[in-house]
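>>> dropping the sequence and predicted coords here.
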Amino acid sequence: MPSGTPLSYGKLTFEARPPLWNLLAIGLTQTPSQFNRNVGDPTGGVAPPHFESLWAWNAALGKWYFYSPHYEQPGELFTSCEYATSNNYLCFDTPTLMPLGPGIGFWVYRP
């Protein structure tokens with residue numbers, strides 16, 4: 001079994017990634033919302049968006065999980081989960097979730 005320090009993205013390591021699509025993996029289990037907080041400089045409360053969207057493929061169901069921190073901001077019409085399910089994507093808050101973590105690759109889109 002591999003050993004070492006689990007890979008974690010912080011503000012500097014995430015901002016060093018090129019813009020647009022990045023295929024990432026992390027060494028600690030966390031939710032997309034926690035990942036958003038970890039790659040930014042949150043001051044508390046709802047973390048501001050640090051990327052546009054995050055996607056993970058569920059091969060067994062043949063569908064994408066979708067998360068966008070923009071839909072978790074005060075004043076938005078939908079939550080990320082409501083947007084995902086209304087567009088036939090999987091929501092990261094469902095029991096079928098494979099959380100972000102070791103061995104899970106996910107795509108992040110950042111402008």
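Received it, and whenever you're ready, just let me know what you need. Keep in mind that what you see is a predicted model, and the values were worked out from it rather than measured.
>>> host element of Tyr109?
strand 106-110 (DSSP states H and E).
>>> for that strand, buried residues please.
Buried positions in strand 106-110, judged by neighbour count with 16 or more other CB atoms under 10 Å: Phe106, Val108, Arg110. (Glycine included, C-beta is placed from N, CA and C.)
>>> not counting sequence-adjacent ones, nearest residue to the first one?
What that stands for is Phe106. Nearest non-adjacent residue to Phe106, counting by CB to CB, 6 or more residues apart in numbering: Ala56, 4.2 Å away.
>>> that neighbour belongs to a strand?
Yes - counting by DSSP: H, G, I helix; E, B strand; the rest coil, Ala56 is located in a strand.
>>> among the buried residues of strand 106-110, which one sits closest to Asn36?
When the buried residues of strand 106-110 are compared for distance to Asn36 (CB to CB), Val108 wins out at 9.7 Å.
>>> where are the low-confidence patches of the chain?
Within the chain, the segments meeting pLDDT under 70 span 1-7, 41-47, 94-98.
>>> one more time with 80
1-10, 41-48, 73-78, 93-99 (pLDDT under 80).
>>> could I get the buried residues of strand 106-110 as a markdown table with distance to Arg17?
Conversion of the buried residues of strand 106-110 to a markdown table gives the following (distance: CB to CB, whole Å):
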| residue | distance to Arg17 |
| --- | --- |
| Phe106 | 13 |
| Val108 | 8 |
| Arg110 | 7 |
